[in-house]
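Asks: coordinates only, sequence not included:
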């Protein structure tokens, strides 16, 4: 997916990675993505994403989607 942004001076100082992280944090804060999906969108690991959420004072919400993501990861780490 390609996202085209207007030429705004405030945006020019951000790298593509910075913008991905900001978008992921905003979507997480609104409950639109889980923590794991937010980390994937941001292109970072879950711990780094959680630190970014803390820096922005976005509370960690553990949802049913988070549980499903965690169970999926555990299934990959410890196959039956």
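Replies: The structure has been received and is ready for your questions. None of the values given here were measured: they were computed from a predicted structure. Residues are numbered from 1 along each chain as shown.
Asks: and the gap between residue 61 and residue 78?
Replies: Relative to residue 78, residue 61 is positioned 25 Å away (C-beta to C-beta, to the nearest Å). Any C-beta I mention is one placed from the backbone N, CA and C, and that applies to glycine too.
Asks: got it, and residue 32?
Replies: Separation of residue 32 from residue 78 (C-beta to C-beta): 29 Å.
Asks: quick revisit: between residue 61 and residue 78, which has more neighbouring residues?
Replies: In terms of neighbours (other C-beta atoms under 10 Å), residue 61 is the more surrounded of residue 61 and residue 78; the figures are 13 against 7.
Asks: That one contacts residue 31, doesn't it?
Replies: Yes - counting by C-beta atoms under 8 Å, residue 31 is a contact partner of residue 61 at 7.1 Å.
Asks: Give me the neighbour count for residue 39.
Replies: Using other C-beta under 10 Å, residue 39 has 23 neighbouring residues.
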